[in-house]
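J.: When you get a sec, could you give me coordinates for this:
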Amino acid sequence: QVQLVESGGGLVQPGGSLRLSCAAEGRTLPEQAMGWFRQAPGKDREFVAGLSWSGAITDYAASVTGRFTVSRENAKNVVYLSMHELKPEDTAVYSCAASSRHRNYVSRVPQDYAYWGQGAQVTVSS
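T.: Numbers count the residues shown, from 1 in each chain. Purely as a prediction, here's the structure:
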């Protein structure tokens, strides 16, 4: 069993930045691709960004491309989501997840992810 824990959420003004972190509690991160998803009130969960085990392959939702960057430091067992130029529509609960697919395959489908964190609230408001 893998327990993922997100941190770094909070309240930020439009145009501001935040960095979310995701770590595995009590163990190393799975040697799998990792993804970030978000869910706003009344909306379905949506893919935000993901990267392969090596970090060489990344994928982003169109709505965040150019503003968000996903990265990982396997030696530190941490995955990051750096968010810039935040907009009110980015407000959501952000969750990290570990894929159950091949380590180099970055899926956008939540069902391809076996382990999930509890989520971190990001609120973009003035």
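J.: Please make it C-alpha for all contacts and neighbour counts, starting now.
T.: Will do.
J.: which residues does the residue nearest to residue 58 when sequence neighbours are not counted bridge with?
T.: Closest residue in space to residue 58, ignoring its immediate chain neighbours: residue 51 at 4.3 Å, by Cα to Cα, 6 or more residues apart in numbering. For residue 51, the beta-bridge partners under DSSP bridges are residue 34, residue 58.
J.: residue contacts, residue 51?
T.: With contact taken as Cα atoms under 8 Å, 6 or more residues apart in numbering, residue 51 is in contact with 33, 34, 35, 57, 58, 59, 70, 71, 106.
J.: of those, closest to residue 90?
T.: Closest to residue 90 out of the contacts of residue 51 is residue 70 (15.5 Å), distances taken as Cα to Cα.
J.: now the closest one, what's its secondary structure?
T.: Secondary structure assignment for residue 70 (DSSP: H, G, I helix; E, B strand; the rest coil): strand.
J.: All good on my end, thank you.
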